[in-house]
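Undergrad: Take this sequence and fold it.
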Amino acid sequence: MNQDSAVSSANFIWYGQSGYKFTTPSGKVFLVDPWLDCPSNPHKDEEWDRLGKVDLILLTHGHFDHSANTPEIAKRTGAELVTVTELADALVKYLDFPTSSKIHKGTVGSVVKVLDGELEVKFVKAVHGSSIKDPASGEEIQAGEPVGFVVSMKNGPTLHFTGDTHLYDEMGELAQDKIGISFVCIGGHYTMSPQEAAEAMKRIQPKVAVPNHFGTFPVINGSPAEFSTALQDLGVQIPVFEAAIGEESTISIP
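TA: Numbering: from 1, shown residues only. Down below sits the predicted model:
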């Protein structure tokens, strides 16, 4: 997607875990894996009140720390949804996602244009699982394949969201997307460790890396410091941006 300026910026709030709120250059708002109730967010009690308008939600998979707040956000805002077909169907069937909201369904390799063409979203591979819990029975419902996203933004940088994933052989193919900012899981156990995440960045070669999915629970104990050290050990000179949870951040990409 062509950009009209030599420098482009991403403006966002990190909710903690893998949740983000972005504002596009034209003022559109999209969320990625929004968990407004994330316990590591010191502003979590304020997030619902300051949510404001939301035009679009991107969901990588169904686990509660990524999708739990999505139906309520869509009810409040009328936001459209981008996710895999099975998860979209499960959200409607079991979690009362509003059928009045437009849903853009896909699978790995799919590309959808949304927000009047301002965003182009490509579904990319993730190695993980995806399920939601039926509140009526307590049963775990399988919700299709997990994914990551590459988001090309008009007059903004190309963004990459790993979602929850382990390192996989084809990850280097994402280098062809010329990613400006990669939002990368580093916590370990359920996802890449800091060392695996560093290897992923070596292959993908984004201009900036933003670590996430760490520290929320004891088992995901990878840290940004370990991630930065692992990049240095690999000889990878990619800047690491440590976002503050619940605060506004801006990253400019030349």
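
Undergrad: For the longest strand along the chain, name the packing helices and strands.
TA: For the chain, the strand with the greatest residue count under DSSP state E is strand 8-16. Where contact means 3 or more C-beta pairs under 8 Å, 6 or more residues apart in numbering; DSSP states H and E, strand 8-16 is packed against strand 19-23, strand 248-253. Backbone N, C-alpha and C define where each C-beta goes, glycine included.

Undergrad: pLDDT averaged over it - what is it?
TA: Averaged across strand 8-16, pLDDT comes to 97.

Undergrad: mind listing what's buried in that strand?
TA: Buried residues in strand 8-16, counting neighbours by 16 or more other C-beta atoms under 10 Å, are found at 8-10, 12-16.

Undergrad: farthest-separated two in those residues?
TA: 8 and 16 (25.4 Å; C-beta to C-beta).

Undergrad: Give me the nearest residue to residue 101, chain neighbours excluded.
TA: residue 74 (4.7 Å; C-beta to C-beta, 6 or more residues apart in numbering).

Undergrad: Distance from the helix or strand the one you found falls within to the middle of the chain?
TA: Assigning secondary structure by DSSP states H and E places residue 74 in helix 70-77. Averaging C-alpha positions (C-alpha atoms, centre = their mean, to the nearest Å) puts helix 70-77 17 Å from its chain's average.

Undergrad: ok, and what's touching it?
TA: The contact list for helix 70-77 (C-beta atoms under 8 Å, 6 or more residues apart in numbering) reads 31, 34, 36, 51, 53-55, 57, 59, 79, 81, 91, 95-98, 101.

Undergrad: what ranges of this protein fall below the confidence cut-off?
TA: 1-6 (pLDDT under 70).

Undergrad: hey, where'd the helices end up in it?
TA: 64-67, 70-77, 85-95, 194-204, 224-233 (DSSP state H).

Undergrad: could these go into JSON lines alongside distance to residue 164 and mean neighbour count?
TA: Output for the helices of the chain, formatted as JSON lines (distance: least, C-beta to C-beta, whole Å; neighbours: other C-beta atoms under 10 Å):
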{"stretch": "helix 64-67", "distance to residue 164": "7", "mean neighbour count": "21"}
{"stretch": "helix 70-77", "distance to residue 164": "16", "mean neighbour count": "19"}
{"stretch": "helix 85-95", "distance to residue 164": "13", "mean neighbour count": "19"}
{"stretch": "helix 194-204", "distance to residue 164": "12", "mean neighbour count": "22"}
{"stretch": "helix 224-233", "distance to residue 164": "16", "mean neighbour count": "17"}
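
Undergrad: Residue 109 is nearest to which of these?
TA: From the helices of the chain, taking C-beta to C-beta, the stretch that ends up closest is helix 85-95, at 13.0 Å.

Undergrad: Show me where the stretch 101-250 of the chain has its strands.
TA: In the stretch 101-250 of the chain, the strands defined using DSSP state E, counting those that start in this stretch lie at 103-106, 111-114, 119-125, 131-133, 140-142, 147-153, 158-161, 181-185, 208-212, 248-253.
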